[in-house]
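**Student:** The sequence isn't on hand, but the structure is:
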């Protein structure tokens, strides 16, 4: 849990990349899977220009958490992430295959 404290402190000192890491921790690591907190931190990181966080928010919007989806928002964010060079988003734009996109993010 020291990572969380360190990243929160780093974010509070202006490091938007720390917010991206917190989103990742809350989405993937240990027993912390908390999609609400993950989306919160990804949102802050995206506002700070973190392109991987924009992609993570696109993924949440398209595939949902708690079965809530917003395809229009997801596609807008996905295109934005692709324009910023996020590899999985660029590959999706080329293939237009949502199943492959979902598989690439597991």
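**Tutor:** That came through fine. Keep in mind the model is a prediction, meaning the values are calculated, not measured.
**Student:** Double-check residue 37 against residue 19; I have them as touching.
**Tutor:** No - the pair residue 37 / residue 19 is not scored as a contact, 11.1 Å apart, by Cβ atoms under 8 Å. (Each C-beta comes from the backbone N, C-alpha and C, glycine too.)
**Student:** quick one, which of the two is more surrounded?
**Tutor:** Between residue 37 and residue 19, counted using other Cβ atoms under 10 Å, the more crowded position is residue 19 (25 against 16).
**Student:** give me every residue that touches the more buried one.
**Tutor:** By Cβ atoms under 8 Å, 6 or more residues apart in numbering, the contact set of residue 19 is 7, 11, 41-42, 44-45, 48, 50, 53.
**Student:** Leaving out sequence neighbours, find the closest residue to it.
**Tutor:** Using Cβ to Cβ, 6 or more residues apart in numbering and skipping residues adjacent in sequence, the residue nearest residue 19 is residue 45, 3.7 Å away.
**Student:** give me the number of residues near that neighbour?
**Tutor:** For residue 45, the tally of surrounding residues (other Cβ under 10 Å) stands at 27.
**Student:** So it, which state does it fall into?
**Tutor:** Here residue 45 is recorded as helix under DSSP: H, G, I helix; E, B strand; the rest coil.
**Student:** Quick check: it vs residue 28, distance?
**Tutor:** The gap separating residue 45 from residue 28 is 15 Å, by Cβ to Cβ, to the nearest Å.
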